[in-house]
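J.: Structure, please.
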Amino acid sequence: MKALALDFDGVISDSAPEAFGVAVRTFREEFPECGFGADAEEDAELFRRFLEIMPLGNRAEDFGVALAAIDSDTPLPDQAAYDAFYETLERVRLRAFHKRFYRVRNAWSQADPGGWLAKIQPYPGIGDWLRRRSGDVRLAVATAKDRHSVALLLERYGIGELFGEGFIHDKETGVSKRAHIEAIAARAGCAVSEVTFIDDKVNHLIDVAEIGAHCLLAGWGYNGEREFAVAREAGFQVLSLADLDRQLFGD
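T.: Just a heads-up that it's a prediction; the model follows:
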């Protein structure tokens, strides 16, 4: 392994509390008929149910789908149920939710930067582990999040210096993680097969594995046994944050 590429949200950063807060604010504005009250952001049970559905989506609009399912008390036990429910929702409203989500996030980050940043913490231990292994492999980020926010948060986590110039790739690099990994390999001067990629989405792993990178699923964060089973069936190892040295470096 010459380069280790990590997704940001769900791998380095536990951004679920922030995504939930923004999603609830957006949903109450875009779907005023919903049953969520002003204190919904502090509802632990609502957050738990949101987290259960969260791995089934990929985009900001999917947060709206999750909240719509909870609001209508529609169970979404698997991807097929999620996809079927998604088809029942109006595309116009989902697109409006998607656009408003980013406006609400930006407004929050501008009006209360401290409160906003407090909702986006690194996973316990990930920073220390990355610092310890940074001399063994080239570290990189492959994310759909914007580069500016990622760089800001990495600095806040105290690990910004671990990712060299040109090793943070966001949506500007390309629409897929495959483009990110190809760019990282080129920047590192190695073959794609010498890049290890950790993500929290099995569909991203499947796409990147097709070009020869070594792909693994993060076993911490938002995923549960449902996602672990899908990953293993597809041939991907599920990582443990407590066992990364052995799983990735054999020690």
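J.: Could you state which residue of this structure sits nearest its centroid?
T.: residue 9 (3.2 Å; Cα atoms, centre = their mean).
J.: correct me, but that one touches residue 15?
T.: Yes: applying Cβ atoms under 8 Å, one finds residue 9 in contact with residue 15, separated by 4.5 Å. To be clear about C-beta, it is placed using only N, CA and C from the backbone, and glycine gets the same treatment.
J.: Could you report the neighbour count for residue 244?
T.: When neighbours are counted by other Cβ atoms under 10 Å, residue 244 registers 21.
J.: ok, for it, nearest residue in space, not its chain neighbours?
T.: Distances taken as Cβ to Cβ, 6 or more residues apart in numbering put residue 129 closest to residue 244, at 5.9 Å, once the chain neighbours are dropped.
J.: do residue 142 as well
T.: Residue 142 sits nearest to residue 180 (Cβ to Cβ, 6+ apart), 3.6 Å away.
J.: mind pulling up the phi and psi values for the one you found?
T.: phi -60, psi -50 (degrees, to the nearest 10).
J.: Can you give me the neighbour number for it?
T.: 27.
J.: check which helix or strand covers residue 52.
T.: In the assignment (DSSP states H and E), residue 52 maps to helix 44-53.
J.: what do you get for residue 222?
T.: Under the assignment here (DSSP H and E), residue 222 is part of no helix and no strand.
J.: And it, how far from residue 97?
T.: 20 Å (Cβ to Cβ, to the nearest Å).
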